[in-house]
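Q: From the sequence below, what's the structure:
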Amino acid sequence: MELRQLEYFMAVCEELHFTKAADKVGISQPNLSLQIKALEEEIGMPLFDRIGKRIALTDAGAVLLKHARGMFQNLQNAKLEIGELRHHQGGTLGVGVLPSELDFRLTPMFIDFRNRYPNVRLKIVSAVDVADLVLRAEIDIGISLKPLYDNRLVLRCLPREEYGVVVSAEHPFAGRDSVSLNELNGLPVIMYPKGFWGRELVEQFCRKHGFNLNIVVETTSNPSLFRFVRENMGVTVQTPALVEAIGDPKLRFLPIHDDPPYREMSIIYRADKYLGHAAQAFIHLAEERLKS
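A: Below is the predicted model of the structure:
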């Protein structure tokens, strides 16, 4: 059994189509079929059920896929570790973050990291499902809401953050010290679209109190969202750390004094992932910044 054959096998598993898999790995479809047939003969069991033009993994194929992924991950880890020996503190680091956190709160931290490690190439990805990107090995580290338990992930928990109401300095609430969650009922709200974690969390708490948010503007952009609030077009519900990072004197943050929505963030990475010097340094910096 050769690594090349396993690479071809994994391509077929991903595409579930021999022609597409052949195009992906850069060989002809007949050659790919021969390689898979040779692999099946060596194993002594079929790896795919062929149903007309469709194919599906057999139980034996699923077992081989699980172990093949582990083998390639270990090989990648070895390459990364050896690469560090050659180019200390170099390489590429992929980090995934929630879209709402990147513009203001986390970009200064990334800039600080680049100043400390100028030889590291940073790949920063904003996504709603950061944990999925980590599991698919598309990024090395994620900073996101605490995901459901998965033994493939390592979670380094960050402090719980409570949401509050953000208003314009011209809003009637601007002189208040705090607000009740129920006072959001009926207010025009500027918020992220459905599917964004920040919105889902806040809406869950509001529904628990018997009302839905009156969302008048949806935007995926934080600069746009806070511009609407600053112009007194509506209020929003955010964490104090984000509002502090923006530092706009025309915005006021008001804590919610009764049953505030909250979130639990974490730094996540694969349990089988080799973390080089740069990745470990980034985690240390992120914990230092986000726990303060």
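
Q: measure the spatially closest residue to residue 253 that is not a sequence neighbour to residue 288 for me?
A: Nearest non-adjacent residue to residue 253, counting by Cβ to Cβ, 6 or more residues apart in numbering: residue 243, 4.5 Å away. In short, each C-beta sits where N, CA and C put it, glycine included. Here residue 243 is placed at a distance of 21 Å from residue 288 (Cβ to Cβ, to the nearest Å).

Q: repeat for residue 194
A: On the measure of Cβ to Cβ, residue 194 and residue 288 end up 34 Å apart.

Q: Now do the helices for the chain: every range, in order, please.
A: Along the chain, counting by DSSP state H, helices occupy 3-15, 18-25, 29-43, 59-86, 99-101, 107-116, 130-135, 197-208, 222-230, 240-246, 277-290.

Q: buried sites along the first one?
A: If I follow you right, that is helix 3-15. 6, 8-13, 15 (16 or more other Cβ atoms under 10 Å).

Q: would CSV of the residues you listed with distance to residue 276 and pLDDT be doable?
A: As requested, the buried residues of helix 3-15 are exported to CSV (distance: Cβ to Cβ, whole Å; pLDDT from 0 to 100):
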residue, distance to residue 276, pLDDT
6, 25, 90
8, 29, 90
9, 29, 91
10, 24, 91
11, 27, 92
12, 31, 92
13, 28, 92
15, 31, 88
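
Q: Between all of those, which two are at the greatest distance?
A: 6 and 15 (15.2 Å; Cβ to Cβ).

Q: Any regions of the stretch 51-200 of the chain where pLDDT drops low?
A: Across the stretch 51-200 of the chain, the ranges flagged by pLDDT under 70 are 84-90.

Q: among the helices of the chain, which is nearest residue 161?
A: Across the helices of the chain, closest to residue 161 is helix 240-246 (Cβ to Cβ), at 6.5 Å.

Q: Check the offset of that closest one from the chain's centre.
A: How far helix 240-246 lies from its chain's middle: 20 Å, per Cα atoms, centre = their mean, to the nearest Å.

Q: which residues are in contact with it?
A: With contact meaning Cβ atoms under 8 Å, 6 or more residues apart in numbering, helix 240-246 is reached by 100-101, 104-105, 108, 161-162, 164, 166, 222, 226, 251, 253, 255.

Q: which two from those end up farthest apart in space?
A: 108 and 255 (24.0 Å).

Q: more neighbours, those two?
A: When residue 108 and residue 255 are compared for neighbours, residue 255 comes out ahead with 14 against 11, by other Cβ atoms under 10 Å.

Q: got a pLDDT number for the more buried one?
A: On pLDDT, residue 255 comes in at 98.

Q: so what's it up against?
A: By Cβ under 8 Å, 6+ apart, the contact set of residue 255 is 162, 164, 177-179, 240.

Q: per-residue pLDDT, the nearest residue to residue 283 once chain neighbours are set aside?
A: Closest residue in space to residue 283, ignoring its immediate chain neighbours: residue 267 at 5.8 Å, by Cβ to Cβ, 6+ apart. Residue 267 is assigned 97 on the pLDDT scale.

Q: any idea how far residue 267 is from residue 36?
A: From residue 267 over to residue 36 the distance is 39 Å, taken as Cβ to Cβ.

Q: What of residue 82?
A: Counting by Cβ to Cβ, the gap from residue 82 to residue 36 is 31 Å.

Q: Those two: which has the busier surroundings?
A: Remark: of residue 82 and residue 36, residue 36 carries more neighbours, 22 against 10, as counted by other Cβ under 10 Å.

Q: Let me see the contact set for that one.
A: So residue 36 contacts 5, 8-9, 12, 18, 47-48 (Cβ under 8 Å, 6+ apart).

Q: go on, residue 258?
A: Contacts of residue 258 (Cβ under 8 Å, 6+ apart): 180-182.

Q: Of the residues you listed - the most surrounded one?
A: That'd be residue 181 among these, by other Cβ under 10 Å, with 21 neighbours.
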